[in-house]
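1. what follows is a predicted protein model with its sequence.
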Amino acid sequence: MVTGWPVTVPVAAFAAWMLPDVLGRVTRERAEIARIEAVAAWTEQLRDTLSAAAGLQQAVQATAPLAPVEIRPQVTALAQRLGEGERLPVAIRTFGHELGEPLADLLVAALAGAGEQPSGRLADMLTALAAQVRAHATMRTRTVANRARARTSVRVTVTVALTLAVGLMLLNHAYLRPYATGTGQLVLAAVFAIATAALAWMGRIAAFKNPPRLLAPTGEPDTAPIGRAR
């Protein structure tokens, strides 16, 4: 209604839906990285507690109050289930579903396997898992840092374009009058379509694809041993 350009209606709707995801994904990705690092830190806590000759169930309960804050609620719930007498393999599977982190499924597989068939090599396995998870977190951190420059360029481009458009409307509206015609609307539609395709493409390539889950999705039977092909 302000501009007199009908083509801006779908463009504004798409921008309101797309831009927050494209430009605000860094915060979400950093939170995911912090969660992955928390899984690695808790894995190391379990390993160190097991090295003190504590059993696995006792190690989980002992580390629950000290678990990283990003996963402490899930670890605390796991410790409570164990304290109420739930079997470790069942409790640890529930923990994996609550956490919802693909890399944590590796830890769930190791702990559930140790609960079903105790092994003296669990500490070594936890050490290797912690190193693998930390390496993944480091790779994600570098990826986010490299993509930050592209997001900054998009922010600058969008800001300059909007500032220029608003400035022209306020200071030299006659310059934009041709865009109110049918031909002008077609030209604007083509420009907006190109910009929309570019934003959609950027959002697609910026999305980080998580590895496949080892656990069955919530709601599906999960009776098979973890780690065995389904």
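-> Everything's here; your move. Remember, predicted model here, so these are calculated numbers, not experimental data.
2. mind listing what His136 touches?
-> The neighbours of His136, taking Cβ atoms under 8 Å, 6 or more residues apart in numbering as the test, are 36, 103. All C-beta atoms are positioned from the backbone trio N, CA, C, and that covers glycine.
3. which element, helix or strand, includes it?
-> helix 122-171 (DSSP states H and E).
4. now do that helix, average pLDDT.
-> The pLDDT scores in helix 122-171 average 83.
5. and for stretch 60-79?
-> For stretch 60-79, mean pLDDT rounds to 92.
6. which residues sit against it?
-> Under the criterion Cβ under 8 Å, 6+ apart, residues 31, 34-35, 37-39, 41-42, 45-46, 49, 54, 82-83, 91-92, 94-95, 98-99, 104, 111 lie in contact with stretch 60-79.
7. what of stretch 178-195?
-> Here stretch 178-195 makes contact (Cβ under 8 Å, 6+ apart) with 4-8, 11.
8. mind running it again at 7 Å?
-> Outside of stretch 178-195, the residues within contact range by Cβ atoms under 7 Å, 6 or more residues apart in numbering are 4-7, 11.
9. got a list of what Pro6 touches?
-> Pro6 is in contact with Gln185, counting by Cβ under 7 Å, 6+ apart.
10. try it again with 10 Å
-> With contacts defined as Cβ atoms under 10 Å, 6 or more residues apart in numbering, the neighbours of Pro6 are 180, 185, 188-189.
11. how about Asp48?
-> Asp48 touches 54, 59, 63, 123, 126-127, counting by Cβ under 10 Å, 6+ apart.
12. most surrounded residue in those residues?
-> With neighbours taken as other Cβ atoms under 10 Å, the top of the contacts of Asp48 is Leu126, carrying 24 neighbours.
13. need the strands for the protein, in chain order.
-> In the chain, no strands are defined using DSSP state E.
14. so for it, the centremost residue is which one?
-> Centroid-nearest residue in the chain: Glu32, 4.4 Å away (criterion: Cα atoms, centre = their mean).
15. around the closest residue to Arg140 other than its chain neighbours, how many other residues sit close by?
-> Closest residue in space to Arg140, ignoring its immediate chain neighbours: Ile33 at 5.0 Å, by Cβ to Cβ, 6 or more residues apart in numbering. By the measure other Cβ under 10 Å, the count of residues near Ile33 is 20.
16. same check on Ala79?
-> For Ala79, using other Cβ under 10 Å, the count is 20.
17. gap between Leu78 and Ala114?
-> Leu78 is 14 Å from Ala114, where distance means Cβ to Cβ, to the nearest Å.
18. before we move on, back to that, hang on, the residue nearest to the centre of the chain packs against Arg140?
-> Yes: counting by Cβ atoms under 10 Å, Arg140 is a contact partner of Glu32 at 7.3 Å.
19. circling back: kindly reformat the contacts of stretch 178-195 as TSV containing distance to His136 and pLDDT.
-> TSV is the format used below for these (distance: Cβ to Cβ, whole Å; pLDDT from 0 to 100):
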residue	distance to His136	pLDDT
Gly4	52	73
Trp5	47	80
Pro6	48	83
Val7	44	82
Val11	38	77
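20. by neighbours, which of those residues wins?
-> Busiest of the contacts of stretch 178-195 [other Cβ under 10 Å] is Val7, holding 19 neighbours.
21. what sits against that residue?
-> When contacts are counted by Cβ under 10 Å, 6+ apart, Val7 touches 179, 184-193.
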